[in-house]
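K.L.:
This is a predicted model, with the sequence first.
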Amino acid sequence: MHNLHFKDHLTEQRLFHNRMLVALVGVAMLLGVLVARLYNLQVVNYDDYRTQSDENRIQVRPVAPTRGLIYDRNGALLADNRPSYTLAIVHERVRNMDATLELLGQLVRLEDSDVQKFRKRLQRRRPFEPIPLRFRLSEDEIARISVNEFRLPGVSVEAELVRYYPLTDLFAHSVGYVGRISERDLAQFSEEDVRRYSGTQSIGKVGLERSYEDLLLGEVGYENVETNARGRVLRVLERHDPRPGAELTLHLDARLQKVATEALGDNRGAVVAIDVNTGGVLAFVSKPSFDPNLFVTGISFNDYRALSDSLDVPLFNRALQGQYPPGSTLKPMMGLGGLEAGVITAGTTIKDPGFFKLPNDTRLYREQWKRWGHGDKVDLIQALAESCDIYFWSMASRWNIDDMHRIATRFGLGARTGIDLPVERPGLFPSRDWKRGARGLPWFPGDSLNAVLGQGFDLATPLQLAVMTATMANRGIHYRPQVVMAVDGVEQPPEVLHHVEARPEHWSLVFEGMESVVNSPKGTGKKAGAGLDFRVAGKSGTAQVVGIAQGERYDSEALKERHRDHALFVAFAPVDDPQIAVAVLVENGEGGGKVAAPVARELFFDWMSRPMENTVRAAEADDEEVSRG
Amino acid sequence: MASRDYMHRLPDSHGGLSRPASLSRRWHIDIPLLLLLMLLSGVGLTVLYSAAGGEVHYVRRQAVFLALAFVAMLVAAQVPLDMYRRWSPWLYVGGCGLLVAVLFIGVGAKGAQRWLEIGGFRFQPSEALKLAVPLSVAAFLHSRPVPPSFLTVLGAMAIVAVPAALIVRQPDLGTAILIAASGLFALYLAGLSWKMIGGALVALVAAAWPIWEWGLRDYQRQRILTLFNPDADRLGAGWNIFQSKAAIGSGGLYGKGYMQGTQSQLDFLPESHTDFIIAVLGEEWGLRGALLLLALYLLIVARGIYISFVAQDVFGRLLAGSITLTFFVYVFVNIGMVTGLLPVVGVPLPLVSHGGTSVVTLMAGFGILMAIGTERRRVSF
């Protein structure tokens, strides 16, 4: 019994040992599997995993360049960059976006539109790119987010520089504004643009911000940063600095701009002042204006509706895009053309009975202002001074429309001036060809009577009128109007588009006529020179309001007011040595001499009251010439 | 025969060292096993400190648990084997009762109901079964002829199946499989015929499809799918494995240095202080460190197998073998899971992963192992 048990015991033990040995083989094999696996991961595929782990932690982040600043001619800052705090989310780091957005909604003010825009941006993001959700966080909001940081993986507060326009609405129509890069912008981006704009959130939308976008943007830099799994940047490993955008110095003068804006008072209208000797734009006003800062980080729906629904259309750039019948402001130029063409001479006079009849026509063309006429012997000087229509009709009736078209074109009418601002309108000065092509009609003699008086088909922007006046002022040198004076301190040379050739005595005669507009007792623009110690030459004009724009039909009071004629005045000063040419448009202002001329006077007064500065500038330029020579 | 020589030789090897021998004899402590476990715990705390991002909190907590666990081991080592054998049915029945209670009044998180809460104290009854099942199966087989008869096998299977089924219901498939394994190891070591093992394997393969279709929950299926295609959903289901592989792989031969692992320190690695802690070690200590850790585990397994060889009776042998092999399975499943060889199941890396109750259970198991290893000496004196 005992023996048997012992034998059993031995068998049992041997069995156990065998089983354990087999198990041991199994253990060894499984251990081998683990070792092989570790070897495979850590030795064979080491490089792959090393890369993966580096890609995990190292992010290449674009570093947005600082946008170039914009100064007026005296160094006043017109477009600045200011730090602003933006709430951004790296989608890849967020486990539950809805929950994150909900939590953020409790911490900061989040509107539905913010979330909608954010979701749109999400769809076109690049991997691991922080997508902005809310801009301009307050100190409190930043604090609340940092306290809850641990609950918000992938959420960060990013400081970025955001455009700021310190003079708010003063330069909205010239400097313009930047805005967030929109889907439409993005659709037009080339591969290169996508690279250049990585890290940059805004793009020039309007004005110089748009036309000089390439220069203002600068060149993007990048940095390699180490981030943790929540996308928080721990340190910068390597950095290639961005190159900031170019600095623009403008011809525009903030003080003159302010003077022009204030001189317009509550009126709608436009003022353009041009430096006669360079074509530099000294003032560029379109009123009413708006605060461009509203657009920088995305304008709210209500703000935008207020601007776009306003009857005064503040977003409309009247100086650049408003095409108005130029009216009598064309008369000096037409007079010069008539003299050069030989249609009239200094001695030509006409009898003005208050109406005009074309040969072989029974229709009466009536004088607008003086139904009883300007007198029996009206010459060019008087015709300009008193704005006699009959004189110019008489001239036009004997003149070829194509010659008329040619002289107008040389003074810059009917075509874009080529100013360095985007979306300029060309205006119109008709010709025989144009009428045949556009209207399918031959040129009638009556058309010439309209064309010579800036009526009928004639359309011009206030900017074109200013260019015309500046070309007149410097006796035919037609400069391209330029807003930017210097890029990164390098002066942009004035560009002469062409010379208007005319005999000196003809220039003098027209100057004399324009001077009498301001200075003769019967002159229509006496207010342009009131109380000035230098002489001003100018011309008034009146533009009939033809149509009623849409949106103006609800307010009958306003409608009545908006049917009045537009008042125009163009002028330059001083007559002896012209420095500044001005075009003024006052919408529904009726009398050019009454309403628009005083505005021009304010500009002249301001600009010429600081001649020191301008002569110093000129002297410096001369010195440079000398030293260069 | 060789094994019998072993038995005779070994007592002498301790003969020269009287004090440690007496210590081990008086307190039933297996010195080599104790030293290995202390070494492993030390390594574990060191890795844990780095995995927790240098926060002492986790290390201190774990040290407290480890201290408790070593006490549990010492206590478990004092209990005579007979008592284990006699008490095992009660432990088993009690454990199963608690598992049933979990199904009804258990508390849980993330859709699993695994805990019982009594007086603010939470514990996991399945932990108790990790010991109760091998104890019961070994005790059941102890008094029966070897190799086991068909009926005995059925009986043993039933002992395994009841708690396993209850734990699957929680659901906690990982623990259920490990507990079942511990019982089956005992059955295997008792001499379960190869025919039956082969038959069971065939049945398992045949049942694979129905189990996939009806037996598994969605998240379990997802984990298996992730195993075969880890890159399919990197930011979702595949995130853990993607990051743990990147961590281990980027460690290379020599590692990035202690506390220098970018995957671990920058929080790319999830669960870095619990189930995925081997990835921290692999990243920071490299293949070299991982192999050293494996060697340490192998030594512990070897010591366990040695104890099973010198055990006095069937109960001790089967129990020691089962505890040791199960311990190895823990190591294999955990590392296999973290390196992407096995689906993700919640199995901690023994004595390294942060976590309380499992450490205590584990060390209690080693205490039983020591009780088995020192029993022979108690008898001979």
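P.N.:
Looks like it arrived, so ask away.

K.L.:
Just want the residue of chain B that's nearest chain A.
P.N.:
Distances from chain B to chain A, computed as C-beta to the nearest C-beta, single out B:Gly249 as the nearest residue at 2.5 Å. Heads up, the C-betas are built off the backbone N, CA and C, glycines and all.

K.L.:
Grab the longest strand from the chain for me.
P.N.:
Because you didn't say which chain, this covers chain A. In chain A, taking DSSP state E as the definition, the longest strand is strand A:77-90.

K.L.:
Let me rephrase: I mean chain B.
P.N.:
Scanning chain B for the strand with the most residues, using DSSP E, yields strand B:112-118.

K.L.:
coming back round to it: quick one: mean pLDDT for the longest strand of chain A?
P.N.:
Mean pLDDT, computed over strand A:77-90, is 91.

K.L.:
ok, now stretch A:514-521?
P.N.:
For stretch A:514-521, the mean pLDDT works out to 93.

K.L.:
so where do the helices sit in the stretch 151-300 of chain B?
P.N.:
B:173-189, B:194-210, B:218-228, B:239-251, B:262-265, B:277-310 (DSSP state H, counting those that start in this stretch).

K.L.:
related to what we said a few turns ago, parallel or antiparallel, which strands does the longest strand of chain A pair with?
P.N.:
Strand A:77-90 has the following sheet partners, assigned by DSSP bridges: strand A:70-71 (antiparallel), strand A:130-134 (antiparallel), strand A:155-164 (antiparallel).

K.L.:
The following helix or strand past that strand to strand A:77-90, inter-axis angle?
P.N.:
Scanning the chain past strand A:77-90 towards its C-terminal end, the next helix or strand to appear is helix A:97-107 (assignment: DSSP states H and E). Comparing the axes of helix A:97-107 and strand A:77-90 via axes from the mean of the first three to the mean of the last three C-alpha atoms, to 10 degrees yields an angle of 130 degrees.

K.L.:
Give me the buried positions along helix A:97-107.
P.N.:
Across helix A:97-107, burial judged by 16 or more other C-beta atoms under 10 Å in any protein chain shown covers A:Thr100, A:Leu101, A:Leu104, A:Leu107.

K.L.:
ranking the strands paired with strand A:77-90 by burial, who's on top?
P.N.:
Mean neighbour counts were taken over the strands paired with strand A:77-90 using mean count of other C-beta atoms under 10 Å in any protein chain shown, and the top value, a mean of 24, falls to strand A:70-71.

K.L.:
what sits up against that one?
P.N.:
Under the contact criterion C-beta atoms under 8 Å, 6 or more residues apart in numbering or on different chains, strand A:70-71 has outside partners A:Leu77, A:Leu78, A:Ala79, A:Val175, A:Leu208, A:Leu216, A:Glu247, A:Leu248, A:Thr249, A:Leu250.

K.L.:
One more pass at 7 Å, please.
P.N.:
Residues from elsewhere that reach strand A:70-71, judged by C-beta atoms under 7 Å, 6 or more residues apart in numbering or on different chains: A:Leu77, A:Leu78, A:Ala79, A:Val175, A:Leu208, A:Leu248, A:Thr249, A:Leu250.

K.L.:
which residues sit in contact with the residue of chain B closest to chain A?
P.N.:
Contacts for B:Gly249 were tallied using C-beta under 7 Å, 6+ apart; they are A:Leu41, A:Gln42, A:Asn45, A:Tyr46, A:Asp48, A:Tyr49.

K.L.:
Find the helix or strand that the fifth one is a member of.
P.N.:
Following DSSP H and E, one finds A:Asp48 within helix A:46-57.

K.L.:
List the buried residues in that helix.
P.N.:
With burial defined by 16+ other C-beta under 10 Å, the residues of helix A:46-57 counted as buried are A:Tyr46, A:Tyr49, A:Arg50, A:Gln52, A:Ser53, A:Asn56, A:Arg57.

K.L.:
Now do the strands in the stretch 201-350 of chain A.
P.N.:
Shown for the stretch 201-350 of chain A, the strands assigned by DSSP state E, counting those that start in this stretch span residues A:202-206, A:221-227, A:233-240, A:248-250, A:269-275, A:281-287, A:350-352.
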